[in-house]
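Participant: sequence and computational prediction follow.
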Amino acid sequence: MWYLALVMMLVTLIVLACCPDVRRQFPVNFIVLVAFTLCEGFLLGAISSNYEQDAVIIAVGITAVVAASLTLFAFQTKWDFTAWGGMLFVFVIVLFCFGILCAIIQNKYATLAYSALGALLFSAYLVFDTQLMIGGRHKYSLSPEEYIFAALNLYLDIVQLFMFILTIVGHAQGD
């Protein structure tokens, strides 16, 4: 089931990200988004089952507070984060390389540093994607027709933020 959900999640993610006609065509866009969400939810549940119940609940609470706070910040700030797209992409590549290094080294402190940097990066992505979605006075924005793509971006930011926070909390409780 896990491998099927992983393949289905990847296929639906690629379809939503790379096929603008699919993500703009009602009701197909909602069907694909629901399929993606169900697969992602199953995978999150499988991953979360490897952690203590308290760690998962704490991580959910922290993620909710951080996501709500950053969303409010993105709506009210005069700073324009939409011009940071290239820089955020570079940071993702660096984080990816650091993640490979952490997988090789297998060190608790490296994993904690990786998770903290990942949480910080996806917090920045949450502000970036929120400002892309609201448009207005920002340099870049998404078209109103791209509501499915905007929802997907925000969903993935929050899921990644949760996973990094869960890793931090899970390691902290493991001591």
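Facilitator: Right, received. Where do you want to start? Numbering: from 1, shown residues only.
Participant: buried set for the lowest-mean-pLDDT helix or strand in the chain?
Facilitator: For the chain, using mean pLDDT, DSSP states H and E, the weakest element among its helices and strands is helix 20-24, scoring a mean of 86. Neighbour counts using 16 or more other CB atoms under 10 Å place 22-23 of helix 20-24 among the buried residues. Where you see a C-beta, it was placed from the backbone N, CA and C, and this is true even at glycine.
Participant: what does stretch 32-40 give?
Facilitator: For stretch 32-40, using 16+ other CB under 10 Å, the buried residues are 32-33, 35-37, 39-40.
Participant: let's see which of those end up in helices.
Facilitator: Where the buried residues of stretch 32-40 overlap with helices, as defined by DSSP state H, the overlap consists of 32-33, 35-37, 39-40.
Participant: pick out the most distant pair among those residues.
Facilitator: Greatest spacing in these, by CB to CB: 32 and 40 (12.3 Å).
Participant: pretty sure residue 5 sits against residue 39.
Facilitator: Yes - here residue 5 reaches residue 39: they are 4.5 Å apart, a contact under CB atoms under 8 Å.
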